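**Q** give me coordinates for this.
(one chain, ligands or ions: 1)
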Amino acid sequence: MIDLLPPPTFGPDRPMRLRASAPLRRLVRETRLDPASFVLPLFVKAGEGVRDEIASMPGVFQLSVDEAVREAERASALGVGGVLLFGIPAHKDAEGSAASDDSEAVQRAVRALKAEVPELAVITDVCLCEYTDHGHCGWLGTDGELELEASLPAHVAAAVSHARAGADLVAPSSMIDGVVGAVRAGLDAAGYPHVGIFSYAVKYASAFYGPFRDAADSAPVFGDRRTHQMDPANRREAVREAALDVAQGADLLMVKPAVATLDVIRDVRQAVPDRPLGAYHVSGEYAMLKAAAERGWIDERRAVLETLTSIRRAGADLVVTYYAAQAARWLVE
Ligand code: PBG
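**A** Sure, this is the predicted structure:
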């Protein structure tokens, strides 16, 4: 039957020509990964020589400051561009007062990193959820609802404390209205007009933060974050949030999570062409890749590099990822 059919014809435009060999594919590749645009999150806490692995995030640890510096040195030697610090305080209270304590782990880690790994950009997460005993991102009223008037100054105090320690950028992550403007005004008033704001402008109330809350010990004791983080069903609202943060003084913007929001990353990239855009490849997105790889169900290296490429292709300039050092190693190999 087959030889009775007419011979197939191909037009002159044959995309396969440029895929025929590895050198050609490399030559015409549209999106390239560079470790300099990766940011590695680090969880820091009290002690010395502490490396407590997080059960739901194999390869990620809660670290004492000395160990965090070593981890950052390794990442930096591989070309990773920055670190994002989260703190696990020795003591939590209703106000999250440890967040602005100059002797807490984040502040000590910033000072140590600036002294020992000066080639790395140091970014700090500014939120209260790791520091409050109820696990919410701000102060609560008697009704259990977030109180903006009290929560904003507490965020500002944390940001100023990070700036005093020497942070290059502070990253407000609570999604509380007005937090970027409050932090900008607070930094300026405290004498830190040069410290930039990497705003979590578009952060969804996502199921993919589950493992992080184990890592940072920051799950809300009751309720959830849906009154301040965005509804994952909303796309247009992301552009509105991004514009608000730019108006309030954000220097860089972040969309989070990353794989579940590739369309939103593209929208924000187009709506705000003049600000660097980051995307946070979050804990649950990391854990899924790790779990499938451990079972031998996917090729981890290929799946991770493809994932990071897709985030960059969607329009992110920077990628915050727990795979930063590992991916950098794969890229230099
Ligand atoms: C703190 C914060 C969270 C994450 C980053 N900053 C948790 C949350 O909002 O519940 C999640 C990061 C991740 O899942 O990797 N507000």
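**Q** which bits of this structure sit near the ligand?
**A** When proximity is defined as Cβ under 6 Å from any ligand atom, the chain approaches the ligand at Asp125, Cys127, Cys129, Cys137, Ser173, Ser174, Tyr209, Phe212, Arg213, Arg225, Val282, Ser283. Any C-beta I mention is one placed from the backbone N, CA and C, and that applies to glycine too.
**Q** would you verify that the first one is located in a strand?
**A** Right, Asp125. Yes. Looking at Asp125 with DSSP: H, G, I helix; E, B strand; the rest coil, it is inside a strand.
**Q** run through this protein and note the low-pLDDT ranges.
**A** In the predicted model, the chain carries pLDDT under 70 at residues 1-3.
**Q** which residue ranges form the strands in the stretch 101-250 of the chain?
**A** 121-126, 169-172, 196-203 (DSSP state E, counting those that start in this stretch).
**Q** dump the second one to CSV, restricted to CA.
**A** What follows is strand 169-172, C-alpha atoms only, in CSV (Å, rounded to 0.1, in the frame of the first residue of the first chain):
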residue,chain,number,x,y,z
LEU,A,169,18.5,44.2,49.1
VAL,A,170,15.5,43.5,51.3
ALA,A,171,12.6,41.4,50.1
PRO,A,172,9.3,42.1,51.7
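**Q** related to what we said a few turns ago, turn the strands of the stretch 101-250 of the chain into a markdown table, columns for mean neighbour count.
**A** Shown next, in a markdown table, are those (neighbours: other Cβ atoms under 10 Å):
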| stretch | mean neighbour count |
| --- | --- |
| strand 121-126 | 25 |
| strand 169-172 | 26 |
| strand 196-203 | 27 |
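**Q** would you turn these into CSV with distance to Val221?
**A** Below are the strands of the stretch 101-250 of the chain laid out as CSV (distance: least, Cβ to Cβ, whole Å):
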stretch, distance to Val221
strand 121-126, 20
strand 169-172, 22
strand 196-203, 21
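**Q** how about these, which one is nearest Val272?
**A** With Cβ to Cβ as the criterion, Val272 lies closest to strand 196-203 of these, at 8.7 Å.
**Q** what about that closest one, distance to the chain center?
**A** With Cα atoms, centre = their mean, to the nearest Å as the basis, strand 196-203 stands 10 Å off its chain's centre.
**Q** repeat for stretch 17-31
**A** The chain centroid and the centroid of stretch 17-31 are separated by 31 Å under Cα atoms, centre = their mean.
**Q** equivalent analysis for stretch 257-266, please.
**A** On the basis of Cα atoms, centre = their mean, stretch 257-266 is displaced by 13 Å from the centre of the chain it belongs to.
**Q** Ala292 against Ile298, yeah?
**A** Yes. Counting by Cβ atoms under 8 Å, Ala292 does reach Ile298; the two are 4.6 Å apart.
**Q** buried residues in stretch 262-271?
**A** Buried positions in stretch 262-271, judged by neighbour count with 16 or more other Cβ atoms under 10 Å: Leu262, Val264, Ile265, Arg266, Asp267, Val268, Arg269.
**Q** can I get these in JSON lines with secondary structure and distance to Asp52?
**A** Shown next, in JSON lines, are the buried residues of stretch 262-271 (DSSP: H, G, I helix; E, B strand; the rest coil; distance: Cβ to Cβ, whole Å):
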{"residue": "Leu262", "secondary structure": "helix", "distance to Asp52": "33"}
{"residue": "Val264", "secondary structure": "helix", "distance to Asp52": "34"}
{"residue": "Ile265", "secondary structure": "helix", "distance to Asp52": "32"}
{"residue": "Arg266", "secondary structure": "helix", "distance to Asp52": "38"}
{"residue": "Asp267", "secondary structure": "helix", "distance to Asp52": "38"}
{"residue": "Val268", "secondary structure": "helix", "distance to Asp52": "35"}
{"residue": "Arg269", "secondary structure": "helix", "distance to Asp52": "37"}
